[in-house]
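Student: Quick one: sequence plus predicted model below, questions after.
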Amino acid sequence: MHKKFREHLLFSISIEGGTNNETRSNSGDTKLTLLDPPDHRKARSLLSAAFTPRSLKNWEPRIRQIAANLVKDIEVNTTVDIVEVFASPLPSYVIADLFGVPIEDRHQFKHWIDVLFQPYDKERLHELEQEKQQAAKEYFEYLYPLVVQKRSNLADDIISDLIQVNIDGEGFTDEEIVQTTMLLLGAGVETTSHALTGARLLLFFRNN
């Protein structure tokens, strides 16, 4: 059984009956989640090499500062929607900063994230799909030139880390980097927002 599962050609996503090209291009998934071995192993290895414990530790002060700024903006003695003012913007602003997105563009960046990861509504499926495709197109057109620019002007951010990572002479292409950032959005933004909201609810009920 173990041997059979390792024979990726039997379970290839590219074979008939698997995910077709049209579905792949129209979905919110990135290439990494739809790759067969050995390409998947290569991409996973490059990602692992880019994110080291030291790099994650270096980002901690920046994340704390963004969180502190959001809290500071909340008016004292007012009733607020904790999701709207903190749980939702925090992960979006953090990932924008860690990607190296200019601060003046972070609100537009959050808008794309909100559209891309908004839940589906069966009453407006077609409309939502069009909105998501448009947001994905605008996101790619915005981030791709940023990746190209950073190749000659590296900085302390995730995109620069993805540009520099190299294993056995292989690295990410510019397009793969943009696709990888979308994977990171899906893995980190919505889940973090939900976790923050749940933690706040837990604190509320414990204090009451």
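Tutor: That came through, no problem. Because the structure is predicted, anything quoted here is derived from the model rather than measured.
Student: Please go through this protein and pick out the longest helix.
Tutor: Assignment by DSSP state H gives helix 174-207 as the longest helix of the chain.
Student: Packing partners of it?
Tutor: Packing partners of helix 174-207 (3 or more CB pairs under 8 Å, 6 or more residues apart in numbering; DSSP states H and E): helix 39-50, helix 89-99, helix 106-116, helix 125-151, helix 158-164. To be clear about C-beta, it is placed using only N, CA and C from the backbone, and glycine gets the same treatment.
Student: could you dump the ones you listed to JSON lines with mean neighbour count, distance to Met182 and mean pLDDT?
Tutor: Shown next, in JSON lines, are those (neighbours: other CB atoms under 10 Å; distance: least, CB to CB, whole Å; pLDDT from 0 to 100):
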{"stretch": "helix 39-50", "mean neighbour count": "16", "distance to Met182": "13", "mean pLDDT": "66"}
{"stretch": "helix 89-99", "mean neighbour count": "22", "distance to Met182": "11", "mean pLDDT": "92"}
{"stretch": "helix 106-116", "mean neighbour count": "18", "distance to Met182": "8", "mean pLDDT": "92"}
{"stretch": "helix 125-151", "mean neighbour count": "15", "distance to Met182": "7", "mean pLDDT": "95"}
{"stretch": "helix 158-164", "mean neighbour count": "21", "distance to Met182": "12", "mean pLDDT": "91"}
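Student: contacting residues around Ala155?
Tutor: Gly100 (CB atoms under 8 Å, 6 or more residues apart in numbering).
Student: tell me the SS of it?
Tutor: coil (DSSP: H, G, I helix; E, B strand; the rest coil).
Student: Next one: it, what pLDDT does it get?
Tutor: pLDDT recorded at Ala155 is 92.
Student: Next one: it from Met182, what distance?
Tutor: 20 Å (CB to CB, to the nearest Å).
Student: Enumerate every residue touching the most centrally placed residue in the chain.
Tutor: Nearest to the geometric centre of the chain sits Leu185, at 1.3 Å (CA atoms, centre = their mean). By CB under 8 Å, 6+ apart, the residues touching Leu185 are Ile95, Ile113, Leu116, Phe117.
Student: cutoff 6 Å now
Tutor: Applying CB atoms under 6 Å, 6 or more residues apart in numbering to Leu185 gives the contacts Ile113.
Student: The one 5 residues further on too?
Tutor: By CB under 6 Å, 6+ apart, Glu190 lies in contact with Phe117.
Student: how near is it to Ile95?
Tutor: Counting by CB to CB - Glu190 and Ile95 are separated by 11 Å.
Student: Could you do Leu162 as well?
Tutor: The value you get for Leu162 to Ile95, if CB to CB is used, is 13 Å.
Student: Arg151 now?
Tutor: 20 Å.
Student: and what of Ser48?
Tutor: Using CB to CB, Ser48 is found at 19 Å from Ile95.
Student: Leu203: neighbouring residues, count only.
Tutor: 10 (other CB atoms under 10 Å).
Student: Report pLDDT for it.
Tutor: Note on Leu203: pLDDT of 75.
Student: Arg6 now?
Tutor: Value listed for Arg6 in the pLDDT field: 50.
Student: And for Ile15?
Tutor: Looking at Ile15, its pLDDT is 43.
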